[in-house]
Structures are given as structure tokens and as C-alpha cells.
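> need a 3D model of the sequence below.
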Amino acid sequence: MPIRLNLLAEALEREEERRKDPVKRALLGAVGIVIASLLGSLLYYSQLLVKNSELARLQTEWELLRKEYEQTRENEKKLADVRQRLAALERLATNRFLHGNLLNALQKAAIPEVALTRFKVEQFYTLTEPTPARTNAAGRVTQPAKPATATERILVTLDARDESQRPGDMVTDYKDRIASVPLFRELLGTNGEVVLRNLSAPLQDTRSGQSYVTFSLEVRFPEKSR
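Okay, here's the model as predicted:
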């Protein structure tokens, strides 16, 4: 029976022992873990770059939207101011005091025994500055803005002569007649009044010899704010 000799058996055994060495296996495992960690870090970093790029894009869009929002708010404020001014002008145009209407009303209030010698119209205006809106820390309006206003006060002074047979008797009648004319009644409302300011003693006209008294009425219309 032939005898077989394997001259490489010893070398093969040593190689097999080296392959089964636990230290080598541990080193290979550590190298694998390091490589996996590097690949994971690289993937995370690439994702982080993508997210940062997306964040920068969103921040740019937000800044543009914020500027558009602020511009829109500013335009809304300007539009509201223009509307308030137009409304004020319309109120002034439709409610302004017209002297022609006053003269027509005085004609309707005329009494034969009373001669209107002079009338004066005084218009006083008190301006109130606008008040800006107040906001809290969150930007919410806590007190709305108030536009500028003008308070109008009108005073009409009527100087007249009572030339009736008994001078002075028609003063009260003329005063009541002024207050009853539709225009004056409308303008006086509930807060206006007609007041007798002056009443002279009986006088005599040097040319006609007729007796008369002079008096003054004040027609005070209520204040109006516009």
C-alpha cells in the first residue's frame, strides 16, 4: 500500500490557525465598523447640506413674503387714510353752512314792524390732532387710530330795530319767529338756542320822529365735529 506524504500540511495548518485568530477577526470587525461610520457620517453630512440649502431657500422666500406683507399693510393704512379724508370732504361738502340759505331763511322770518339792520356770521374751528394706533408686544392693535377732527361752531348775530307802535313788544315775537323757521329749526336741533343779547331803551328817529328800540339776537348752533 503506497504511503502519501503532504509536505505542505504543516504550512496549511499554520495558515488555518492564523485565519481563525480572534484578534484578526476583531481588527477586521473594527475596520468594518469604522468604514460604516464614515459612510453614515458622509450620508448625514450630505443630507445636512441639502436641508441647509432648503432652509436658506425658505428663509429667502419668507423675507420676500414679509416685505410684501409690510408693504400691503402700509398700503392699507394709506388707503384707510384716503378714505377717511374723502369721507370728511364729503361731509364738509354736504353739511357746510351756506349763507344763501341763511338769507332765504331771514326773509321768511321777516316781520313788517322789525327792520333787520345787520347780521354777522362767525365760524370757529377747533382742530384735534390724530392719534396713532397702539399695539402690544405681539403686534396686536389694542387701541385703534383716531383721525384728526375739526369741531365747528357757528354764531349768527342779528341786529334789528323794533319800530312797532309800542317799541319792544315785537322783540320776543321776532325771536320766536327766527327759531320757528324750518332752516333755523333744523340747524338749532335740541342743543341750539336763540338768545337776546342787547335791548336798548326807546329811541326816536330824528328824521321821521318815530320811536323804536334796537336789539341783538344771537343764534347759537350746536357744535359739530367732522
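> what's the domain layout of this structure?
What the record gives for the chain is the domain set 1-95, 97-225, from automatic domain parsing.
> from the ones you listed, which stretch is densest packed?
domain 97-225 (a mean of 14; mean count of other CB atoms under 10 Å). Placement of C-beta: from N, CA and C, glycine included.
> identify the residue spatially nearest to the most centrally placed residue in the chain, adjacent ones excluded.
Nearest to the geometric centre of the chain sits Ala145, at 4.4 Å (CA atoms, centre = their mean). Excluding the flanking residues, the one nearest Ala145 by CB to CB, 6 or more residues apart in numbering is Ala133, at 3.9 Å.
> that neighbour touches Arg140, doesn't it?
No - if you go by CB atoms under 8 Å, Ala133 and Arg140 don't touch, sitting 10.4 Å apart.
> check which helix or strand the residue lying closest to Pro147 once chain neighbours are set aside maps to.
For Pro147, ignoring the flanking residues on the chain, the nearest one in space by CB to CB, 6+ apart is Gln84 at 4.7 Å. Assigned by DSSP states H and E, Gln84 belongs to helix 22-95.
> next SSE after that helix?
helix 99-108.
> chain center to that following helix: distance?
Taking the mean of its C-alpha atoms, helix 99-108 sits 39 Å from the chain's own mean (CA atoms, centre = their mean, to the nearest Å).
> in this structure, where is pLDDT below threshold?
Within the chain, the ranges that satisfy pLDDT under 70 run 1-26, 28, 91-97, 139.
> apply 80 and report the result again.
The model of the chain has pLDDT under 80 over residues 1-32, 34, 81, 84-85, 87-99, 130, 132-133, 135-150, 225-226.
> check contacts around the residue nearest to Ala145.
The neighbourhood of Ala133, defined by CB atoms under 8 Å, 6 or more residues apart in numbering, consists of Val141, Gln143, Pro144, Ala145.
> pretty sure Thr88 sits against Arg226.
Actually, residue 88 is Ala rather than Thr. Yes - the pair Ala88 / Arg226 is scored as a contact, 5.8 Å apart, by CB under 8 Å.
> against Arg220, how distant is Phe119?
Counting by CB to CB, to the nearest Å, the separation of Phe119 from Arg220 is 14 Å.
> how about Asp169?
From Asp169 to Arg220 the distance is 24 Å (CB to CB).
> same question, Lys67
According to CB to CB, Lys67 and Arg220 sit 54 Å apart.
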